[in-house]
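Visitor: Here is my input; please provide its structure:
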Amino acid sequence: MTALLKDKLLKDKLLKDKVVLVTGAGGGVGRGIALACAAAGAEVVVTARGASGEETTEMIRAEGGSAHAVRCDVTDRDDVERSVAEALRVYGGLDAMVHNATSRESSQPHALEEASLELWEAHASVSVRGSFHCAQASFGALVETGGSLILLTSPAGIEGSATLPFYGMAKAAQRALVKSLALEWGPSGVRVNGLAPLARTEALDRAFEADETLEARIRSLVPLGRIGEPTVDVGYVAAFLVSDWANYVSGQTLVVSGGRFTLL
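Guide: Numbers count the residues shown, from 1 in each chain. All right, here's what the predicted structure looks like:
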């Protein structure tokens, strides 16, 4: 994110009058995206399975932004449809659906020969089925505004992962959906993009606590020498994709990794 783009997003409020719904916004990257979009002027519908969504909402309001919290489990189609309906009821429209929610098991290492069907279903239900629910539930509203859908995928879905095969498979499915929906929805004026970040989250912090050498090892692989922050490094890129500055960007997966992944 260049200083100029960040400056324009914040000072010029490039998302003013736009309504953005973010799933899994109770922490980590989802919270970062919600905070960044609000800082850029958007009205944000914050969804999460628990009370953490209300915490994000209060953080936005404390900075003078507009936010509305909805409890939502993306594996439940009715929950997703209700969240979209709330966006329409409270704010009168929907300009962007950002599906960030991920399963609690997403960072749990596993070998395929030992993995259970339950573990696969935990990954697939949130990343794959959740993407389907979010896309289908939001399409009609996005057509009305000429809006966009953003799916949070991962470099693991592009490069693969020796320790997270289910996660990589689910994230690869999301990237394929980005491409397919960009082709299908483009004639209706709806853009579809993916975002694959390397960012510090609560789950990653727990991993750092369990392995004191892990953070240094990861940082050594990143040319920019640091791990991305959810709001500054990922959130503002998502805000850019929502903004009118990205009106001709569709079908792409932007990798935000400080140069760690360059052949994707």
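
Visitor: where are the low-confidence patches of this protein?
Guide: The model of the chain has pLDDT under 70 over residues 1-11, 106-107, 263-264.

Visitor: Centre-most residue in it?
Guide: Asn100 (3.2 Å; Cα atoms, centre = their mean).

Visitor: Touching, that one and Gly27? I think so.
Guide: No - counting by Cβ atoms under 8 Å, Asn100 stays clear of Gly27, with 10.2 Å between them. Any C-beta I mention is one placed from the backbone N, CA and C, and that applies to glycine too.

Visitor: and for the two, which residues touch both?
Guide: Common neighbours of Asn100 and Gly27, using Cβ atoms under 8 Å, 6 or more residues apart in numbering, do not exist here.

Visitor: give me the number of residues near the nearest residue to Gly194 once chain neighbours are set aside?
Guide: Once flanking residues are discounted, Gly194 sits nearest to Thr253: 3.5 Å by Cβ to Cβ, 6 or more residues apart in numbering. Thr253 has 20 neighbours, counted by other Cβ atoms under 10 Å.

Visitor: if I look at Thr253, how far off is Val178?
Guide: The gap separating Thr253 from Val178 is 6 Å, by Cβ to Cβ, to the nearest Å.

Visitor: Lys171 sits in which helix or strand?
Guide: Per DSSP states H and E: Lys171 is located in helix 165-185.

Visitor: Contacts for the next helix or strand after that helix next, please.
Guide: Counting by DSSP H and E, the next helix or strand C-terminal to helix 165-185 is strand 191-197. Contacts with strand 191-197, where a contact means Cβ under 8 Å, 6+ apart, come from 29, 147-155, 157-158, 171, 174-175, 178, 181-182, 185, 228, 233-234, 237-238, 241, 246-247, 249-257, 261, 264.

Visitor: Helix 165-185 and strand 191-197, what's the angle between them?
Guide: Put simply, strand 191-197 runs at 160 degrees to helix 165-185, going by axes from the mean of the first three to the mean of the last three Cα atoms, to 10 degrees.

Visitor: got a list of what Ala137 touches?
Guide: By Cβ under 8 Å, 6+ apart, the residues touching Ala137 are 77, 80-81, 83-84, 97.

Visitor: And the residues you listed, which of them are buried?
Guide: In the contacts of Ala137, burial by neighbour count holds for 77, 80, 83-84, 97, counting by 16 or more other Cβ atoms under 10 Å.
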